[in-house]
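Enquirer: Attaching a predicted model along with its sequence, questions to come.
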Amino acid sequence: MELVHTTAELRSRVCAARSRGEIIGVAPTMGALHAGHQSLIRRAREECGFVVVTLFVNPTQFGPNEDLSRYPRDLDGDARASASAGADLLFAPPPEEVYPPGYATAVTVEGLTAGLCGRSRPTHFRGVATVVAKLFNMVQPDRAYFGEKDYQQLQVIRRMARDLDFPVEIVPCPIVREPDGLAMSSRNRYLSPEERQAALGLSQGLGAAEALFEQGERDAAALMGAVRAVLEADSLVRMDYVELVDADSLAPQERVEAPALLAVAAHVGATRLIDNTVLRPAPESGDLEP
Ligand code: PAF
């Protein structure tokens, strides 16, 4: 695996691969790679002839009081993790390569960004959409791999790629969890042992709601209540939101009639974590093909 820092180097490697007839895959990341990121890279390796990992801690997606300055940075570890998952190229640009002096453009996706994490992080998705649009233009991938843990981000990027005619297939990849259920996140490394234990409330709350759903519960308030009850039981956890929304439009729902996203965000100590599950009602027997 090769490591490059400039768009010119990236382009020359990608052009060479494309002229060999390779399909180009990209896994965009902010580094601090874990098994969740590696699952994106492995999937890209299976489906593409040339796999690029981008590593850029994007300042524009952090709010003024968020963790940009302390976000974990470990280029050597990330290079090892990318190589062992099968990447061909690691692109790690410095900030001025992505946002040169005088940079003045942003990409805004309306609607989808208003609720869920957009409510407490009002500028976050503009930063994400902007940097992902730039990374798509820099890499020019055929396929781009994103994790479903950042479900709202995934929907925003899908919409952005469709609205702006990016010729890229967005490939969603399932959440990867620790053996005890905690969704993998680069921010998990901020957690003290007590906080790490309390953080299990997110996946356990979702699990309690999933169990109710399996028993036939379709009422959003009851399903959200099951998550809240678990989170409120732990004083280290401060809930940001629990919401049930349509899995496609992200519009709030009162009942689960179609695939619905049950999403949670909470602060555990000073660390903000998110998790989600998609609840899929079985089709009515009348809906089945004859
Ligand atoms: O999911 C992430 O790590 C980031 O939001 C992304 C997509 C790499 C954009 O900076």
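Expert: Alright, I've got the coordinates. Quick caveat, the model's predicted, so the values are computed rather than measured. Numbers count the residues shown, from 1 in each chain.
Enquirer: Backbone dihedrals for the residue of the stretch 51-200 of the chain found nearest the ligand, please?
Expert: Proximity of the stretch 51-200 of the chain to the ligand (CB to the nearest ligand atom) peaks at Asn58, 4.0 Å away. Every C-beta, even on glycine, is put in place using the N, C-alpha and C of the backbone. With angles defined as degrees, to the nearest 10, Asn58 sits at phi -80, psi 110.
Enquirer: which residue sits closest to it in space, ignoring its chain neighbours?
Expert: Spatially, and ignoring its direct neighbours in sequence, Asn58 is nearest to Val131 (4.3 Å; CB to CB, 6 or more residues apart in numbering).
Enquirer: right, and that neighbour touches Phe56 too?
Expert: Yes. Taking contacts as CB atoms under 8 Å, Val131 lies within contact range of Phe56: 6.9 Å.
Enquirer: joint contacts of these two?
Expert: Here Val131 and Phe56 share the contacting residues 28, 98, scored by CB atoms under 8 Å, 6 or more residues apart in numbering.
Enquirer: and stretch 150-162, how far out from the chain's middle?
Expert: 9 Å (CA atoms, centre = their mean, to the nearest Å).
Enquirer: same check, this time on stretch 207-221
Expert: With CA atoms, centre = their mean, you get 24 Å for stretch 207-221.
Enquirer: List the buried residues in that stretch.
Expert: Residues of stretch 207-221 classed as buried by neighbour count (16 or more other CB atoms under 10 Å): 207-210, 212-213, 217-218, 220.
Enquirer: Likewise for stretch 69-81?
Expert: Buried-residue list, stretch 69-81, by 16+ other CB under 10 Å: 71-72, 78-79, 81.
Enquirer: What of stretch 194-204?
Expert: In stretch 194-204, the ones that count as buried by 16+ other CB under 10 Å are 195-196, 198-204.
Enquirer: what is the rounded mean pLDDT of it?
Expert: Throughout stretch 194-204, pLDDT has a mean value of 98.
Enquirer: near the ligand, which residues of the protein show up?
Expert: 28-30, 58, 61, 128, 131-132, 150, 153 (CB under 6 Å from any ligand atom).
Enquirer: quick one, helices of the stretch 151-290 of the chain?
Expert: Using DSSP state H, counting those that start in this stretch, the helices of the stretch 151-290 of the chain run over 151-163, 193-198, 200-214, 220-232.
Enquirer: Relative to Gln61, how far out is Ser120?
Expert: 14 Å (CB to CB, to the nearest Å).
Enquirer: Over to Leu200?
Expert: 27 Å.
Enquirer: same deal with Glu47?
Expert: Taking CB to CB, one finds Glu47 at 27 Å from Gln61.
Enquirer: Show me which of these two is the more surrounded one.
Expert: Gln61 (21 against 15; other CB atoms under 10 Å).
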